[in-house]
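Q: Sequence and predicted structure below; questions after.
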Amino acid sequence: MTKDAYLEMCDTLGSEPLEEEIPVEYEDLHTEVQQAFSIYSKLRDDWDGMSGTYMGKHFEGILDMFIILEVPAEDHKTMLELVDIIDKHRSKVISDKKPKPTKK
């Protein structure tokens, strides 16, 4: 549900929107977080070929991206941490969606 759809629903129902229930949209994120998502999307996924398990992103070349995207050197560590947080959350989502083996 988008923020606009949520606000329209509240208006239709005559209820007050609750701040904690308003969906966050990409444009609501801090510029640094938007940039971290942009960098994250350009990194190569690493999958285990035998089990199909998501192994995370390959971080090789990330410094080149920082330079090309003109991320200030003093922000490299923070940006790397943001990208790593995104990957940890994505890894968990992918892992949770993977079918669990059934016991016999």
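A: Received, thanks.

Q: so residue 16 touches residue 6, yeah?
A: No. At 11.9 Å, residue 16 does not count as touching residue 6 under the criterion of C-beta atoms under 8 Å. In this view, the C-beta of every residue, glycine as well, is placed from N, C-alpha and C.

Q: What helix or strand is the residue nearest to the spatial centre of the chain located in?
A: In the chain, the residue lying closest to the centroid (C-alpha atoms, centre = their mean) is residue 86, at 4.3 Å. Element membership for residue 86, per DSSP states H and E: helix 76-97.

Q: Just the pLDDT at the residue nearest to the centre of the chain, thanks.
A: Residue 86 carries a pLDDT value of 97.

Q: list the contacts for it?
A: By C-beta atoms under 8 Å, 6 or more residues apart in numbering, the contact set of residue 86 is 36, 37, 40.

Q: Equivalent analysis for residue 40, please.
A: Residue 40 neighbours (C-beta under 8 Å, 6+ apart): 57, 83, 86, 87.

Q: Out of those, which is nearest to residue 1?
A: Using C-beta to C-beta, residue 86 comes nearest to residue 1 of those, at 21.8 Å.

Q: any idea how far that closest one is from residue 37?
A: 7 Å (C-beta to C-beta, to the nearest Å).

Q: And residue 95, by the same measure?
A: According to C-beta to C-beta, residue 95 stands 20 Å off from residue 37.

Q: Could you say which helix or strand holds the residue lying closest to residue 76 once chain neighbours are set aside?
A: Distances taken as C-beta to C-beta, 6 or more residues apart in numbering place residue 66 nearest to residue 76, at 5.4 Å, with adjacent residues excluded. Following DSSP H and E, one finds residue 66 within helix 62-68.

Q: Can you name every helix or strand that that helix contacts?
A: Other helices and strands packing on helix 62-68, by 3 or more C-beta pairs under 8 Å, 6 or more residues apart in numbering; DSSP states H and E, are helix 31-42, helix 76-97.

Q: coming back round to it: between residue 16 and residue 6, point out the one with more neighbours.
A: residue 6 (15 against 7; other C-beta atoms under 10 Å).
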